[in-house]
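J.: just need the structure, nothing else, for what follows:
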Amino acid sequence: MRRMSFIFAALLMMLSVSCERKPLLEPDHHHGSPVNIKVNVDVDVDVDVETGDNPHMYRDILKTAQSVTVVAYPRSETAVYGVHRIDSLAGTIWLMPGDYDLLLYTSDFHELDGVFYRGIDNPGQAEAYTSAVKVSKTKEVKSYNIEPPDPLFTHYYENFTVVEGDNAVNEGLQPMSYKYWFEVDVEGLDYISSVFMEIDGMYTSVFMADGTHREDEYGTQTIETTIHKDENKIKGEFFSFGPHQDSEVKNSMILTFINGRTIRIKLDDISPEIKKLRKGGEIKIDQKIVINVGDSGAGFVPDVEDWEEEEVVIPI
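T.: Now for the predicted structure:
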């Protein structure tokens, strides 16, 4: 009997503790004051962006974002650092009253995000970057092969005061990852099964608070293109953090023929054209490629190996 009483008392104690802890586990239990966050997609996110025939290109992309991250940096003793996520372009976070700097950003556009982050706990070091493989390192600049990042939009809100009661942040976000596109005239596409474009001299990352970059490194992005035989063109598009200003960059096309033979074509220097497009736009490529199969000058030699070390000039 005494043992049964002990078990019953223990059950009552566990039930009591669980009832006391339950409110702490509820998702609607918060500390501090509510801050209503809303991304204003009606603001002009296209300022100083070369968007070609679609002036609302970045705005249309931003509308499809799935979440917003808000990083709160304390400016006063009562403020508390925190990283908060909203599963849409509008929602509520809770902050202790005080003065803050707020970093808002979203790159959540796909199931697997192609943007990574580091240094988030310091606004001056909060950096977005893409996966990279180091190619070379010199005294002045490091070169990487990089993956194209996903779209990225940010806003740095300085000196925001949270008071007791409701607070509101209604801001627009600016693009930090930019869309580029290109097309190349190519005759003889019936002999081609795939084309990749290597775009060199692009930034590997961006500091989200002010949009600056690491000037001591740049990357090469390999872009899969689409073949348009009816137009005699290959076309491609990609996102990047913007063009690096290093002058020693090279760009090339990698063509795979229907018999499996692969060659590399060095493009004319298009770096000046890319550098003009600080925040995206169409990369102008005036070079025309003519594939003369059967012509010894065309470089179409199926049994040549180690193509990746070979640069072949196609007659134009």
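J.: hey, let's count contacts and neighbours off CA atoms from now on
T.: OK.
J.: how distant is stretch 91-101 from the center of its chain?
T.: Stretch 91-101 has its C-alpha centroid displaced from the chain centroid by 27 Å (CA atoms, centre = their mean, to the nearest Å).
J.: so where do the strands sit in the stretch 201-316 of the chain?
T.: Per DSSP state E, counting those that start in this stretch, the stretch 201-316 of the chain carries strands over the ranges 205-207, 217-224, 226-228, 233-240, 252-257, 262-266, 281-283, 288-290.
J.: kindly report the same for the stretch 1-150 of the chain.
T.: Residue ranges of the strands in the stretch 1-150 of the chain, as given by DSSP E, counting those that start in this stretch, are 33-39, 68-74, 82-86, 90-95, 98-106, 116-118, 127-129, 132-137, 142-146.
J.: quick one, which of those strands is nearest to residue 284?
T.: strand 142-146 (21.9 Å; CA to CA).
J.: which residues touch that closest one?
T.: Contact partners of strand 142-146, identified using CA atoms under 8 Å, 6 or more residues apart in numbering, comprise 130-137, 204, 216-222.
J.: biggest separation within those, which pair?
T.: Put simply, by CA to CA the two of those set farthest apart are 216 and 222, 20.6 Å from each other.
J.: the two - which one has more neighbours?
T.: Between residue 216 and residue 222, residue 222 has the larger neighbour count (other CA atoms under 10 Å), namely 20 against 15.
J.: buried set for stretch 155-173?
T.: Buried residues in stretch 155-173, counted by 16 or more other CA atoms under 10 Å: 155, 156, 160, 162, 163, 167, 169, 171, 172, 173.
J.: got it, and stretch 227-239?
T.: Buried residues in stretch 227-239 (16+ other CA under 10 Å): 227, 232, 233, 234, 235, 236, 237, 238, 239.
J.: that stretch: end-to-end distance?
T.: Chord length of stretch 227-239, first to last residue, is 19 Å (CA to CA, to the nearest Å).
J.: fine by me, thanks again.
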